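Trainee: structure of the sequence below:
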Amino acid sequence: MIGEKIKSIVIKVGSAVLTEQNRIAKERMQNLVDLIVKLRVKYEVILVSSGAVSAGYTELKLDKKIIANKQALASIGQPILMHRYRKKFELHNTVISQILVTAANFEVKDQNTHIHDMIDPLLKNSVLPIVNENDATATQELEVGDNDQLSAFTTELVDADLLIILSDINSYYDKDPNCHDDAKPIKHISHIPQSELEKESTPNNSFATGGIVTKLKAADYLLKRNKSMFLASGFDLTDVENFLLNDIHSGGTLFTNL
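Mentor: Numbers count the residues shown, from 1 in each chain. Sure, this is the predicted structure:
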């Protein structure tokens, strides 16, 4: 079982999980924090978190389809999001840090190295790094595009063993479960057909920027670099907890060629 080989993980949680009725989903955030605290006993953990735009929307109702408004909401929401994480992690005596990045930080070698060198002392001193795209200032050419891709870049950058994506999509299915009642989840995938990667992205949440396609692209990126990804529900954390703490693959999809 791959779980026995894992020492470091990146966890990505999307807006669909963190948002409920245009607000931060407090209970789901608390469940995530509690899980991360448990995981940090066994693993080195980095969190990639969406949610800044939706947090900003709780304070100011702007049209999210307009880029400038989305950036404004991100600038309002980022400190709100971090404050909520800080208060929840404080109860577990866990110090957090904020890392805001753009695509250039991963594409330019010097900046790439700076991020790696900065994260290293955080992890060595038991600080939990929380990474997000710098939506407030990133121009189109500097955007990563979605946090699924950002989490894959981060996984490679820090040489983590596994990326965990927690989503409203609980597995990869053999066909669209929204359209087919007989769709079956696939537990293991080692190759993703190009045709699947070229499908249109269809996010289910008004704050989300991805969907299954962006998750498949993140998985494909890591598979080509001999790294693994586990896709599981962010609403019910039983599958990911079983996989990482009990070495039981009860649900979710593991993308690996190892």
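
Trainee: what about K42, distance to T253?
Mentor: The spacing between K42 and T253, counted by C-beta to C-beta, to the nearest Å, is 22 Å. Just so you know, the C-beta spots here come from the backbone N, C-alpha and C atoms, and that holds for glycine as well.

Trainee: then A104?
Mentor: A104 is 31 Å from T253, by C-beta to C-beta.

Trainee: then K227?
Mentor: Separation of K227 from T253 (C-beta to C-beta): 15 Å.

Trainee: now K61
Mentor: For K61, the distance to T253 - C-beta to C-beta - is 36 Å.

Trainee: these two: who's more crowded?
Mentor: T253 (24 against 11; other C-beta atoms under 10 Å).

Trainee: tell me where the stretch 51-200 of the chain has helices.
Mentor: All helices of the stretch 51-200 of the chain, identified by DSSP state H, counting those that start in this stretch, fall at 52-57, 67-90, 103-107, 109-124, 147-157, 194-197.

Trainee: tell me the most buried of the ones you listed?
Mentor: Stretch with highest mean neighbour count among these: helix 52-57 (a mean of 26; mean count of other C-beta atoms under 10 Å).

Trainee: helices and strands around that one, which ones?
Mentor: Applying 3 or more C-beta pairs under 8 Å, 6 or more residues apart in numbering; DSSP states H and E, we find helix 52-57 packed against helix 15-18, strand 23-24, helix 67-90.

Trainee: which residues are in contact with that helix?
Mentor: Residues outside helix 52-57 that contact it (C-beta atoms under 8 Å, 6 or more residues apart in numbering): 15, 18-19, 22-24, 64, 70, 72-78, 80-81, 84, 132, 135, 207.

Trainee: alpha carbons of that helix, as PDB, please.
Mentor: This file holds the C-alpha atoms of helix 52-57, laid out as PDB (Å, rounded to 0.1, in the frame of the first residue of the first chain):
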ATOM      1  CA  ALA A  52     -10.400  34.000  -0.100                       C
ATOM      2  CA  VAL A  53     -12.900  35.300  -2.600                       C
ATOM      3  CA  SER A  54     -15.900  33.700  -0.900                       C
ATOM      4  CA  ALA A  55     -14.700  35.000   2.500                       C
ATOM      5  CA  GLY A  56     -14.500  38.500   0.900                       C
ATOM      6  CA  TYR A  57     -18.000  38.100  -0.500                       C
END
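
Trainee: give me the mean pLDDT for it.
Mentor: Mean pLDDT, computed over helix 52-57, is 89.

Trainee: go on, stretch 115-125?
Mentor: 92.

Trainee: again, but for stretch 156-172
Mentor: 93.

Trainee: just the endpoints, please. Distance across that stretch?
Mentor: End-to-end distance for stretch 156-172, by C-alpha to C-alpha, to the nearest Å: 22 Å.

Trainee: check the offset of that stretch from the chain's centre.
Mentor: Put simply, stretch 156-172 sits 7 Å off its chain's centre (C-alpha atoms, centre = their mean, to the nearest Å).

Trainee: so for that stretch, what gets flagged as buried?
Mentor: 156-158, 160-172 (16 or more other C-beta atoms under 10 Å).

Trainee: restricted to strands, list these.
Mentor: L162, L163, I164, I165, L166, S167, Y172 (DSSP state E).

Trainee: will you turn those into JSON lines that also has distance to N112?
Mentor: JSON lines is the format used below for these (distance: C-beta to C-beta, whole Å):
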{"residue": "L162", "distance to N112": "21"}
{"residue": "L163", "distance to N112": "17"}
{"residue": "I164", "distance to N112": "22"}
{"residue": "I165", "distance to N112": "22"}
{"residue": "L166", "distance to N112": "26"}
{"residue": "S167", "distance to N112": "27"}
{"residue": "Y172", "distance to N112": "29"}
